[in-house]
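sharing a model that was predicted from the sequence below.
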Amino acid sequence: MSDAIIVDRRSGTSSTVAGSRQKYKKRIKEHLKDALEQAIKKRNVKNATKKGIKVKSSSSATSEPTIAHDPSAPRDGVAVGNDKYLTGDKEIDRYMDGGSGSGQASSDGEGNDEFIYHLNQDEVRDLLFEGLSLPNFVKKVSQSNTVKQLARAGFSRHGVPANLSVVRSYKESLARRVAIRASIDKQIAQEEDEEAIKILEERKKKIPFFEEVDLRYVYKDWQKKPITKAVMYCLMDVSASMDEERKNLGKWFFVLLNEFLKACYDHVEIVFVRHHTEAAIVDEKTFFYDTISGGTVVSSGLNLILNDINQNRSPERENIYLAQVSDGENWDSDCPSCVKIIKDELLNKLQFFCYLEVLGSQYNTLTEVYDEMLSKITKFKLGRAADKNDVYTIFRNFFTAEK
Amino acid sequence: MSKHTKYLATGSEWDVSLIEKAWPIIDRMGKKYKWEGYNPQFEIITYDQMLEAYSTVGMPCCYDHWSYGRQYEHDKDQYKKGLKGLAYEMIINTDPAITYLMENNSACMQLLVMAHAAVGHNHFFKHNYLFKDWTDAKHILDYLTYAKRFIRKCEEKYGETVVENILDAAHSIKMFGIDKYQRRSTTIQKEKDKLLKRLEHQEKYFDLLFDDINTYNKTAQKTIKKLDLLDDNIMPDQDKQDENLLYFIATKAEHLRPWMREILKIVSNIAQYFYPQYQDKVMNEGFASFVHYTLMYDLYEAGLISDGYMLEFFDSHSGVTFQPSYKSKYYSGVNPYALGFNIFKDIERICKNPDSEDKKLFPDIAGSDWNETVNYVVQNYKDETFVLQFLSPKVIKKMGLFAYHADEINYNRFFGYYQRTTTITATEADEDYKHVKQALSRQYSLSEMIPTLEAHVEKTQISRRLILTHKMRHSADTLEDINLRQTLDLLSLLWGDTVGFRQTHNGTRTRDLLVSGKPDDIYTRRF
């Protein structure tokens, strides 16, 4: 009757609360996105996409209202640990119901409370970059663009224990054992002597289950797999007109772009180009951290990119993209030549060209020229950003997949 | 020494064999005091599974709802930050009694868990009258499984949004979805018997010559309809003022589909199951602590556990029954473990060694058999009556209990913060200690913890309104405003029409609030 049952549930993988967590996540998804963006603003994009992030927010979507007494109404109670009071004493600031000190309780009810959700890196990536993709990402497959991958290529008699194919080996061992058993049975059939038959029966029992000769290993071989490559040119204006704030906005855009590409695509090459009167291809660290200044000639950057494409890349085999950030200022005489380069030569080599103006000044001739000349072209997208929120919105705008 | 070989365990490591070896011994020791619960089912779990159990109040199976997900995330965060520890044990009111043992408890703690939960709480669940009358330990798990499946089917068939809206609304009045005074099944049976008798009587005395057959049929039909409703577990004549709001809405709302009504009933039944736990916290925890205290000593006396284990036990016990004073930053009200344990220990003392004060105040139990008295108390009291009957001046003095009245919180403009004036109304230094006792007992009464609400229907020319009336305890007994409005919003989804709220004090109405609703609102996403 009192036979207690003991159950060890430690290794159980089924969770009683998984469905509820899913529902919770769905419910706070919108708010999670906002909260995530706030959190990302602290320049934690890189960590977030690698390790995940914890997100705090308060929202009425997670409130569970009920009808309850107002805690600030007059009430009676009992407290513990009387050390000095007598009946009739009055105390003004101390709360006897657990709040310490004064001025802490607020008399309005709680409609909002903080919630905390743990997001791992996949969830961060999904939320942050949901619905985004490189536009016009055409499958341009060619022989020279290949990558080597290990793929299964049959079985072999040699290999490492990790690659042991149990099923295959078992098949071979079965065949061997059946054959040996058959030959022993044949001998038994011919044998008359009791003793000899006994010995043969024993031998039958001792046939080894697995032998070296049975073992089969999975064989993997390097195979060339054609992949579609993409190249993203990041062009940033570092002239004198770009002050700290503008440069930060520009860098923020490129950080988002960088993380997006790294998280969502396998084979994207990112080329960082910065220009003032002259242009140079730099590495990631220099691009984001190094300071430099000068005048503004945008065509230098465009020319450099064009040359690079002509020399080192082939548009037929790669998807090439260009993202440019500037404050819109440029030598007036330079603007037409910029447009000419873009319209005549660059655009037919690019899949997509996006331009972001950060905190455009009153002299944003470049932006106006772009807007006028290029806005009709589908491959081109233009955005104007005044703060980080705008940058994020425009970033999403640029790369939202059009149905 | 030969004593050492008798130890149930040494060191802190443990495995399943410890449970198998120790449980029959502990069980037998408990039975000596006539402490026996349902057959226990020990489940060994990880800390993560304990967090999961927390989020659904221990139930191993419950329907999905976002609030459980939120509770889990919140608890996990608190635990990881080290702000809140996990209980070392958890047991639920089922037959067999599911008792969770955490894998990283020490061996001594597992013995303590078995004494505290598998003997103490378990016995309490089986014998306390509130649990006996209001909960069905044998069938609750099956019911929860049914609930989970039913709700999931509704989600698949009708969509997640509408089901979520219904559950949100039902949860908001969960505490008001309880039959407070009579267990429904007993009244249904009585009601059925009454109606059947009536039918028999009518048939027997129907006179072909003098009675109209149509009237007879009509009345008979009415009675048969009521019987049908009873078969579906619906009480037919409770349409005046009903306190079970969920039930009221389930039966009276016009625009709800049958499956929606069933969901409301599910929430109501589950709330009903948890109802006793709010009213028995002090007794339950106090008794379980009392049991583990007694049994650990017995184990020690029998040479089954070492001095080291007793030290570990003392450490845990004093932590659990620690009562910070009102001045301490750890103070969060009266600790039910401390209060309950102190009172039970005091009852034991009054039985074993009563002094003159005890004999005067507790003539019925002074000098009686402590075991019988404790068991009798466990069976027949709840927190409110337990404190009222057995809280003695000695315990009041020991804990330094004092009663106070706090005025409204108001904002002090001069100093720029909120303050409230507190007047001490009774202390242990008073001649008549009854005031403190009564004040504390009142804190555990249901009407103090939950506002008293009643529902009725009002028909106007344009709408059929659901009116909730709050019976105020005194003229300044207000309700939390924002929460109230949000709840009324949710209720209007269920009711499909206007929902009104009223406050009355001594018969006079002091407040009116109306929230409109349409039948289709329940299908739309709320945010």
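Received it, and whenever you're ready, just let me know what you need. Residues are numbered from 1 along each chain as shown, chains lettered A, B, ... in the order given.

beta partners of A:Ile5?
Legend: beta-bridge partners of A:Ile5 under DSSP bridges are B:Gln41.

that one: what's it in contact with?
Applying CB atoms under 8 Å, 6 or more residues apart in numbering or on different chains to A:Ile5 gives the contacts B:Asn39, B:Pro40, B:Gln41, B:Phe42, B:Pro96. To be clear about C-beta, it is placed using only N, CA and C from the backbone, and glycine gets the same treatment.

list the contacts for the second one?
Counting by CB under 8 Å, 6+ apart, B:Pro40 touches A:Ala4, A:Ile5, B:Trp23, B:Ile91, B:Pro96, B:Ala97, B:Ile98, B:Thr99, B:Ala118, B:Asn122.

could you find the closest non-adjacent residue to B:Ala147?
Take B:Ala147 and drop its neighbours on the chain: the residue closest to it by CB to CB, 6 or more residues apart in numbering or on different chains is B:Ile266, 4.7 Å away.

would you confirm that that neighbour contacts B:Arg149?
No. Using CB atoms under 8 Å, B:Ile266 is not in contact with B:Arg149; the gap is 10.9 Å.

neighbour-wise, which of those two wins?
B:Ile266 (22 against 12; other CB atoms under 10 Å in any protein chain shown).

and the gap between that one and B:Ile166?
From B:Ile266 across to B:Ile166, the span is 10 Å (CB to CB, to the nearest Å).

ok, now A:Leu150?
Separation of A:Leu150 from B:Ile166 (CB to CB) stands at 53 Å.

and those two? Which one has more around it.
Applying other CB under 10 Å to A:Leu150 and B:Ile166 shows that B:Ile166 carries more neighbours, namely 24 against 9.

tell me if I am right that that one is in a strand.
No. Applying DSSP: H, G, I helix; E, B strand; the rest coil, one finds B:Ile166 to be helix, outside a strand.

and the nearest residue to it once chain neighbours are set aside, what element?
Counting by CB to CB, 6+ apart, B:Ile166 lies nearest to B:Ile263, which is 5.3 Å off, once chain neighbours are set aside. Using DSSP states H and E, B:Ile263 falls within helix B:258-279.

so where do the strands sit in the chain?
Going with chain A. Assigned by DSSP state E, the strands in chain A fall at A:5-8, A:53-59, A:75-79, A:90-91, A:113-119, A:146-156, A:217-226, A:229-237, A:268-275, A:279-282, A:318-326, A:352-358, A:380-385.

you looked at the wrong chain, it should be chain B
Under the criterion DSSP E, chain B carries strands at the ranges B:40-45, B:89-91, B:97-102, B:402-406, B:410-412, B:417-419, B:422-426, B:453-459, B:464-471, B:499-505, B:508-515.

save those as TSV, and put in mean pLDDT too.
What follows is those, written out as TSV (pLDDT from 0 to 100):
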stretch	mean pLDDT
strand B:40-45	93
strand B:89-91	88
strand B:97-102	92
strand B:402-406	90
strand B:410-412	74
strand B:417-419	73
strand B:422-426	86
strand B:453-459	88
strand B:464-471	89
strand B:499-505	88
strand B:508-515	79
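
would a markdown table of these with distance to B:Val282 be doable?
Shown next, in a markdown table, are the strands of chain B (distance: least, CB to CB, whole Å):
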| stretch | distance to B:Val282 |
| --- | --- |
| strand B:40-45 | 23 |
| strand B:89-91 | 17 |
| strand B:97-102 | 21 |
| strand B:402-406 | 17 |
| strand B:410-412 | 32 |
| strand B:417-419 | 30 |
| strand B:422-426 | 19 |
| strand B:453-459 | 25 |
| strand B:464-471 | 26 |
| strand B:499-505 | 30 |
| strand B:508-515 | 34 |
